[in-house]
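S.K.: build the 3D model from these lines:
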Amino acid sequence: MDEELQRIREKKLREMEERLHGGEILTVHPVNADNFRQMLATNPFLVMDFWAEWCGPCRMVAPVIEELSREYAGQVTFAKCNTDENPGIAGGFGISAIPTIILFEHGTVADIVVGAYPKDALKARINKVFHLNE
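M.R.: Next comes the predicted model:
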């Protein structure tokens, strides 16, 4: 398991370096019904932001998620799922308030954060749940 995790980390790091050298900016991956299961299966540590266009607090969280995606590049994958466009995914997790951020570890829900948390609080949750920076 540790060898597989290391292999995945190295692959992600190579992909990140290719994107950086190619001039692309790291982004938060959009999630929909077509790629949702693949995102869960291929990313050991995944942070998914459930949001909607009309949601003011969601717009406050979006730049925080973008910043964290750059800070955790190569360690944690960040994604966003528009609840209006993907009600089946959101409904599957019983999401009734947004923003809701779900932390997945190896495809399993490890933590759920509801509301617009400040960057430091969200970062502390990520570190604790994924056992990072210990």
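
S.K.: C-alpha only now, for contacts and for neighbours.
M.R.: OK.

S.K.: how about the closest residue to residue 57 other than its chain neighbours, phi and psi?
M.R.: The shortest distance from residue 57 to any non-neighbouring residue, by CA to CA, 6 or more residues apart in numbering, is to residue 116 (5.7 Å). Main-chain dihedrals, residue 116, degrees, to the nearest 10: phi -90, psi 90.

S.K.: any figure for the gap between residue 116 and residue 27?
M.R.: Distance, residue 116 to residue 27, using CA to CA, to the nearest Å: 20 Å.

S.K.: between those two, which is the more surrounded one?
M.R.: Shown here are residue 116 and residue 27; by other CA atoms under 10 Å, residue 116 has more neighbours (20 against 15).

S.K.: how close does the more buried one sit to residue 63?
M.R.: Computed as CA to CA, the residue 116 to residue 63 distance reads 11 Å.

S.K.: sorry, back to before: is it true that the residue nearest to residue 57 touches residue 97?
M.R.: No: contact criterion CA atoms under 8 Å: residue 116 and residue 97 do not qualify, at 10.8 Å.

S.K.: quick one, what contacts the residue nearest to residue 44 when sequence neighbours are not counted?
M.R.: In this structure, residue 44 finds its nearest non-sequential neighbour in residue 106, 4.3 Å apart by CA to CA, 6+ apart. Residues near residue 106 by CA atoms under 8 Å, 6 or more residues apart in numbering: 40, 41, 43, 44, 45.

S.K.: I'd like the next helix or strand past the host helix or strand of the second one.
M.R.: When secondary structure is defined by DSSP states H and E, residue 41 falls within helix 36-42. Remark: after helix 36-42, the chain's next helix or strand is strand 45-51, criterion DSSP H and E.
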